[in-house]
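Visitor: when you get a sec, could you give me coordinates for this:
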Amino acid sequence: NEIQALTLQATVSNYHHIPTDCPHREKNGWTGDAHLSAEQVLLNHAPMTAYAKWMADFRDAQRPSGQLPGIVPTGGWGYNWGSGPAWDSACILIPWYTYLYAGDRRILEDNYAMMTRYLEFLGTLADRDGIVAFGLGDWCPPVGGAGDHACPTALTSTAYYYADADTVARIAEILGRSADARRLRRLAAAVKAAFRRRFLDAGTGRLASASQTAQACALYQGLVEGPDERARVLAVLLTEVAAKNGHLDCGILGAKYLLHALTACGRTDVAARIVQQTTFPGWGHWIAQGATTLWESWDGGTSRIHHMFSDVSAWFYRGLAGLNPDPDAPGFRHFIVRPGVVPGIEWARAEHRSLYGLIECGWAVEEGTLRVTVTVPPNCTATVHVPTADAAGVEESHGPAERAAGVRRVAAGAGEAVFEVAAGRYVFTAPR
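Guide: Below is the predicted model of the structure:
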C-alpha cells in the first residue's frame with residue numbers, strides 16, 4: 001500500500017498537459033518513461049483523452065522518415081540521442097494499452113499511419129542480420145551511471161522491434177487491414193528469429209549477459225519458444241535473482257519485465273519477495289529512507305519525483321490481486337481474474353473503474369480457506385481462476401460453485417478451478 005501511494009503521488013505530480021519525467025527539473029515528455037508507466041496509469045486513472053492528445057503531438061514530431069524524438073513535444077533535439085526503440089515504442093504501446101484497457105479503437109485508427117511509418121524507420125536501423133543496436137537501454141540500473149546496465153542495448157532494442165511489429169500486426173487485424181497484418185507478422189517472425197540467433201543459447205537458456213533484464217526481457221516480450229526452453233530461461237533468471245539475495249538488479253526496462261515474467265512463469269512468490277525487500281535496491285528501500293514519491297534512481301542520487309519505475313503498481317493489479325484485461329474483449333468487457341496467492345501475504349484487493357462500471361477483485365486466506373471475491377459490472381463477463389488442490393470443493397456463496405446463478409465451470413485440475421461468470425458479485429471459497 002505504501003508503494004501504491006508513492007506511485008499515485010509520482011504520477012499525478014507528473015501530468016501537466018503531458019506526462020513529464022519530473023515536475024521540477026527537466027519537465028520533458030520522455031517517451032520511454034511514459035509507456036513504461038502507461039498500464040498503471042490506465043488502471044489507476046482515466047488518461048484516455050490525454051493520451052489521445054499526446055499522440056497528436058507524436059504525429060507532429062515524427063519526421064517524414066518515420067524517426068521520432070525521445071521527448072515529445074520537442075524543441076528540435078532528441079532524435080539522435082535519448083531515443084531508440086525502448087523509448088519510441090510509446091507511439092505504438094500507448095495506443096495499444098489505451099485500446100486494451102479502455103476499448104478505444106479510435107486511437108488505433110488515428111495513429112496507425114504513424115506506427116507503420118515508425119516500423120519502416122526501424123527497418124533502416126537494423127543491420128544485415130536484423131538486429132537494432134541504436135538507442136537507450138536499461139536506464140538507471142542499481143550500480144554505476146544511468147547507462148551502465150549489464151544488458152546489451154542491442155538486445156532490448158531488438159526485442160522492442162519484435163514487440164512493435166507483433167503489436168502493429170494485431171492492430172492491423174483489428175482495423176481490417178489483413179494484407180498489412182500478414183506482412184507485419186512475417187516481419188515479426190524474422191526479427192524474432194534474428195533475436196534468437198544473436199542473443200539466446202536455447203540449450204542452456206542463457207541470454208547474452210544472462211542478466212535479470214536480459215532473461216526477463218526474452219520471457220516478457222514473447223521471444224522464448226516452448227515449455228522446456230521457457231523453463232531453462234526461467235531457471236537462469238531465478239539463479240540471477242538468488243545471486244542478488246532476492247533483490248532486483250534492473251533499470252527501468254527490466255523492472256517492468258521482471259515481475260510480470262516471473263508471474264507468467266508461475267513464480268509470483270519470487271516477484272512478491274522482490275517487491276517486499278526493504279534494503280537496497282528496491283521500492284521498499286526508498287520508503288525506508290522516507291520517500292513519499294517514486295525516485296529516478298535506486299540510490300536516490302538524482303530526481304526524487306519520477307514515475308518511470310511505477311509499473312510495480314500494474315503488477316499489484318495484475319500479478320497480485322489478479323485483475324487482467326482480455327485483448328479479445330478490450331475495455332474490460334470481458335476480463336480475467338487470476339489471483340496471485342503467495343506465502344507471506346494474507347490478502348490482496350484491487351478495484352478499477354472501467355467504462356462499464358466498477359470492477360472489484362480480491363482474495364484472502366483465512367484458517368486454511370481461500371476466499372476470492374469478484375464484482376463484474378453490467379454487460380460484462382469474467383473468467384475466474386480459483387487456485388486450489390480440491391477443484392471439486394470450490395463453493396460460491398456457501399453452495400457448490402457450479403450451481404450458483406451466473407456461474408459456469410469451464411475447467412478443473414492442475415491446481416485450480418476455472419469459472420465463467422456473468423455480471424454480478426461473487427464470493428468463491430476453496431480449501432488451500
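
Visitor: remind me, longest strand of this protein?
Guide: Secondary structure assigned by DSSP state E gives strand 357-366 as the longest strand of the chain.

Visitor: now it: buried residues?
Guide: For strand 357-366, a neighbour-count test (16 or more other C-beta atoms under 10 Å) marks 359-365 as buried. Every residue, glycine included, has its C-beta placed from N, CA and C.

Visitor: so what touches stretch 379-389?
Guide: Here stretch 379-389 makes contact (C-beta atoms under 8 Å, 6 or more residues apart in numbering) with 322, 326, 329, 332-339, 341, 354, 356-357, 359, 370, 372, 374, 376, 394, 401, 410, 415-423, 426, 428, 430-432.

Visitor: likewise stretch 309-318?
Guide: Stretch 309-318 has contacts (C-beta under 8 Å, 6+ apart) with 3-4, 7-8, 10-11, 36-37, 39-41, 43-44, 252, 255-256, 259-260, 263, 271, 275, 283, 294-295, 323-324, 348, 350, 352.

Visitor: run the last query once more with 6 Å
Guide: Residues from elsewhere that reach stretch 309-318, judged by C-beta atoms under 6 Å, 6 or more residues apart in numbering: 4, 7, 36-37, 39-40, 43, 255-256, 259, 283, 294, 323-324, 350.

Visitor: mind checking which of the residues you listed are in helices?
Guide: With helices taken from DSSP state H, the overlap with those comprises 4, 7, 36-37, 39-40, 43, 255-256, 259, 283.

Visitor: what does Val386 show for phi and psi?
Guide: With angles defined as degrees, to the nearest 10, Val386 sits at phi -110, psi 110.

Visitor: ok, so of the ones in helices among the contacts of stretch 309-318, who is nearest Arg25?
Guide: Arg25 lies nearest to Ser37 out of these, by C-beta to C-beta, at 17.4 Å.

Visitor: thinking that closest one is in contact with His307, fair?
Guide: Yes - between Ser37 and His307 there is a contact under C-beta atoms under 6 Å: 4.9 Å.

Visitor: residues near Gly123, how many?
Guide: Other residues within reach of Gly123, judged by other C-beta atoms under 10 Å, total 15.

Visitor: pretty sure it belongs to a strand, no?
Guide: No - counting by DSSP: H, G, I helix; E, B strand; the rest coil, one finds Gly123 to be helix, located in no strand.

Visitor: what pLDDT does it get?
Guide: pLDDT, Gly123: 97.

Visitor: quick one: it from Tyr426, how far?
Guide: Gly123 sits at a distance of 48 Å from Tyr426 (criterion: C-beta to C-beta, to the nearest Å).

Visitor: same thing with Ala255?
Guide: Taken as C-beta to C-beta, the span from Ala255 to Tyr426 is 34 Å.

Visitor: which one's more surrounded, those two?
Guide: Ala255 (29 against 22).

Visitor: got the contact list for that one?
Guide: Phe309.

Visitor: beyond the longest strand of the chain, next helix or strand please.
Guide: strand 369-376 (DSSP states H and E).

Visitor: mean confidence for that next one?
Guide: 98.

Visitor: which elements pack onto it?
Guide: strand 357-366, strand 381-387, strand 424-431 (3 or more C-beta pairs under 6 Å, 6 or more residues apart in numbering; DSSP states H and E).

Visitor: in stretch 219-226, what's buried?
Guide: For stretch 219-226, by 16+ other C-beta under 10 Å, it's 219-221, 223-224.

Visitor: so what's the most centrally placed residue in the chain closest to, chain neighbours aside?
Guide: The centroid of the chain falls nearest to Lys256 when counting by C-alpha atoms, centre = their mean (5.9 Å). With sequence-adjacent residues excluded and distances taken as C-beta to C-beta, 6 or more residues apart in numbering, Lys256 is closest to Asp311, at 4.4 Å.

Visitor: what about that neighbour, how many neighbours?
Guide: 25.

Visitor: ditto for the one 10 residues further on
Guide: Ala321 sits with 23 neighbouring residues when counted by other C-beta under 10 Å.
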